[in-house]
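K.L.:
model the structure of this input:
(one chain, ligands or ions: 2)
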Amino acid sequence: MKFFLLLSFIAFCWAQYDPHTQYERTSIVHLFEWRWVDIAKECERYLGPKGFGGVQVSPPSENIVVYNPYRPWWERYQPISYKICTRSGNEEEFRDMVKRCNDVGVRIYVDAVINHMCGAGGGAGTSSTCGSYYDANKREFPEVPYSAWDFNDGKCDGEISNYNDAYQVRNCRLVGLLDLALEKDYVRGVVADYMNRLIDIGVAGFRLDAAKHMWPGDIKAILDKLHNLNTAWFDSGSRPFIFQEVIDLGGEAISSSEYFENGRVTEFKYGAKLGTVIRKWSGEKMAYLKNWGEGWGFVPTDRALVFVDNHDNQRGHGAGGASILTFWDARMYKMAVGFMLAHPYGFTRVMSSYYWERNIQNGQDVNDWIGPPNDNGVTKEVTINPDTTCGNGWVCEHRWRQIRNMVAFRNVVNGEPFSNWWDNGSNQVAFGRGNKGFIVFNNDDWALLITLQTGLPAGTYCDVISGDKIDGNCTGIKVYVENDGTAQFSISHCAEDPFIAIHVEAKL
Ligand code: QV4
Ligand code: CA
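P.N.:
Ligands and ions are numbered 1, 2, ... in the order given. Modelled structure (predicted):
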């Protein structure tokens, strides 16, 4: 009995940190600004078959409609009500997506914007995605309903100006957004009702937007009210997966560890540092990645949600700065994502973007607001080209062969230890994952030719970066692992992708 109690205690404690992915799938993808109908199709035609664990979707709650600038992506971070009604689709389409994705083993994680409503300067009227009336001046959102006393204005008059003052960061307005009084039972209840509706539909968890701007105790009070996940797809007693957007690059009043009890946290140091290393800025080199993870001052691996870039810092919002790698720097980006997916640290999220016309002035992109591909504001379909890439202005990094194959690599090596590290003291490095996979990088300005211990069984392997294993053959480079586990690797510094990855499921 004691043993059973202990076990269930451990299981319970682990709960909100567990993404509840199926078949031990190990990564999720953020399909930024995609429509629900397109996500449903993508689950069935691509994400399920290719081993993706889930999708982070853009906020599904009704938002303000902004015309100046014209329909920016960030209007979705200004809620007007909790109706499921946005440019991505209505509630019926959302339900259909959740069902179809779950049915092919792909989970849905909702970006929950619960710290605030629209900006104080949002005016009054029905300029909202479902036509709900609001009055930002009076702080009235009758569709919810919220009224003036549900906001923090009594506690703080104005904007967050000092990030070294935890009280300000949590009680004042983030960029003018009307800040909810989450210590009120009523507000907590309304927010929990919204999240419970989504849980009952079948979502597996939440990204908590702007978590740093909410008191950890207020978040906990809301999480305590949440239902268990829908037993149509999840074991009974499963708790929603929680990852909190806490930007902690160090040196501020609030530290991400304050949020560990509630769930995982976004580790923003990860992408900022990895970008610096791959770009070889500030004297960094890949050889230093030997102790990547906690050794670099990151949060514990079982509390971390990691990514190379996100929807904010790929366009200069949020945190990370100029070192952040994105699809605009494709060659380095693929190396960074490849490294992330091969390395055991953290739970990994892949970014999937759309193109916009950049216009960099004095180091700042003045087009950082541009919304998804659209016709007169209506989000465009994600079309699929004959070569499996996306059309209509969607980048679909998750469909790039190098990234898609590394998502599969991570699944194959799941649970295997970090092993057989090698480096040349500079930017040529290699490591394995037990006897399941091995990866080699050449980010130096000279060729790499070397024999390394891979830890893998003897045989001929297909490099999954330069090609695929198709019909018992490699379409790219072949790697021959000898009986003693060693293999010779040759990587030109001029190669399109200067890295090679092999795993046991890509063995001939
Ligand atoms: C403007 C003025 C303000 C004024 C206000 C009055 O600039 O001075 O007080 O009007 O109403 C947009 C505009 C911003 C505007 C604001 C309110 O950019 O100029 O203020 O709306 O109308 C996204 C964008 C923001 C955007 C916001 C809401 O990044 O630019 O603001 O959506 O539309 C910190 C936080 C972190 C945050 C990150 C960006 O710690 O939590 O900044 N990240 C998350 C999301 C992010 C989102 C929000 C939080 C807010 O990932 O996408 O911000 O929900 O680091
Ligand atoms: Ca707040």
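K.L.:
and what about the residue in the stretch 51-200 of the chain positioned nearest to ligand 2, helix, strand or coil?
P.N.:
Going by C-beta to the ion, ligand 2 is nearest to Asp179 of the stretch 51-200 of the chain, at 4.3 Å. (Glycine included, C-beta is placed from N, CA and C.) Following DSSP: H, G, I helix; E, B strand; the rest coil, the label given to Asp179 is strand.
K.L.:
and what of Phe298?
P.N.:
Under three-state DSSP, Phe298 falls in the coil class.
K.L.:
check contacts around the residue nearest in space to the middle of the chain.
P.N.:
Most central in the chain under C-alpha atoms, centre = their mean is Arg349, positioned 3.8 Å from the mean C-alpha point. Arg349 makes contact with 27-30, 56, 305-307, 310, according to C-beta atoms under 8 Å, 6 or more residues apart in numbering.
K.L.:
how about the nearest residue to it, chain neighbours excluded?
P.N.:
Phe307 (4.4 Å; C-beta to C-beta, 6 or more residues apart in numbering).
K.L.:
helix/strand/coil for the closest residue to Tyr461 other than its chain neighbours?
P.N.:
Nearest residue to Tyr461, sequence neighbours excluded (C-beta to C-beta, 6+ apart): Ile502, at 3.9 Å. What three-state DSSP gives for Ile502 is strand.
K.L.:
mind pulling up the pLDDT for Ile502?
P.N.:
For Ile502, the pLDDT comes out at 99.
K.L.:
number of residues surrounding it?
P.N.:
29 (other C-beta atoms under 10 Å).
K.L.:
again, but for Arg197
P.N.:
14.
K.L.:
helices or strands up against the host helix or strand of it?
P.N.:
Assigned by DSSP states H and E, Arg197 falls within helix 185-201. Here helix 185-201 touches strand 79-86, helix 91-103, strand 107-112, helix 216-224, going by 3 or more C-beta pairs under 8 Å, 6 or more residues apart in numbering; DSSP states H and E.
K.L.:
export these to a markdown table and tack on distance to Phe409?
P.N.:
Formatted as a markdown table, the helices and strands packed on helix 185-201 follow (distance: least, C-beta to C-beta, whole Å):
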| stretch | distance to Phe409 |
| --- | --- |
| strand 79-86 | 34 |
| helix 91-103 | 22 |
| strand 107-112 | 20 |
| helix 216-224 | 33 |
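K.L.:
before we move on, back to that, what are the bridge partners for the residue of the stretch 51-200 of the chain closest to ligand 2, then?
P.N.:
Per DSSP bridges, the residues bridged to Asp179 are His116.
K.L.:
was I right about it contacting Cys172?
P.N.:
Yes - shown here, Asp179 and Cys172 form a contact pair, counting by C-beta atoms under 8 Å, at 6.6 Å.
K.L.:
who in the stretch 101-250 of the chain is up against ligand 2?
P.N.:
115, 170, 179, 213 (C-beta under 5 Å from the ion).
K.L.:
and the strands in the stretch 251-400 of the chain?
P.N.:
Taking DSSP state E, counting those that start in this stretch as the criterion, the stretch 251-400 of the chain carries its strands at 264-266, 304-306, 347-352, 360-361, 364-365, 374-375, 378-379.
K.L.:
what's the closest of these to ligand 1?
P.N.:
Of all those, strand 264-266 sits nearest to ligand 1, with 9.2 Å by C-beta to the nearest ligand atom.
K.L.:
off-centre distance for that closest one?
P.N.:
Remark: strand 264-266 is offset 10 Å from the chain centroid, using C-alpha atoms, centre = their mean, to the nearest Å.
K.L.:
what pairs with that strand, parallel or antiparallel?
P.N.:
Here strand 264-266 has these sheet partners by DSSP bridges: strand 241-244 (parallel), strand 304-306 (parallel).
K.L.:
got the contact list for the residue of the stretch 51-200 of the chain closest to ligand 2?
P.N.:
By C-beta under 8 Å, 6+ apart, Asp179 lies in contact with 115-116, 151-153, 156, 171-173, 213.
K.L.:
so of these, which ones are in strands?
P.N.:
His116 (DSSP state E).
K.L.:
ok, and the most crowded of the contacts of Asp179?
P.N.:
Using other C-beta under 10 Å as the neighbour test, the contacts of Asp179 are led by Asn115, with 27 neighbours.
K.L.:
that residue is in contact with Leu174, isn't it?
P.N.:
Yes - here Asn115 reaches Leu174: they are 6.9 Å apart, a contact under C-beta under 8 Å.
K.L.:
quick one on the thing from earlier: tabulate the strands of the stretch 251-400 of the chain (JSON lines), appending mean pLDDT and distance to ligand 2.
P.N.:
Formatted as JSON lines, these follow (pLDDT from 0 to 100; distance: least, C-beta to the ion, whole Å):
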{"stretch": "strand 264-266", "mean pLDDT": "98", "distance to ligand 2": "17"}
{"stretch": "strand 304-306", "mean pLDDT": "98", "distance to ligand 2": "21"}
{"stretch": "strand 347-352", "mean pLDDT": "99", "distance to ligand 2": "24"}
{"stretch": "strand 360-361", "mean pLDDT": "94", "distance to ligand 2": "32"}
{"stretch": "strand 364-365", "mean pLDDT": "93", "distance to ligand 2": "27"}
{"stretch": "strand 374-375", "mean pLDDT": "98", "distance to ligand 2": "31"}
{"stretch": "strand 378-379", "mean pLDDT": "98", "distance to ligand 2": "29"}
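K.L.:
please work out which of those strands is packed deepest.
P.N.:
Compared across these, strand 264-266 shows the largest average neighbour count, a mean of 28 (mean count of other C-beta atoms under 10 Å).
K.L.:
now the helices: where do they sit in the protein?
P.N.:
With DSSP state H as the criterion, the chain has helices at 2-14, 36-42, 48-50, 91-103, 166-171, 185-201, 216-224, 268-279, 330-342, 401-412.
K.L.:
in the stretch 1-150 of the chain, which residue sits nearest ligand 1?
P.N.:
Closest point on the stretch 1-150 of the chain to ligand 1, by C-beta to the nearest ligand atom, is Gly119, at 2.6 Å.
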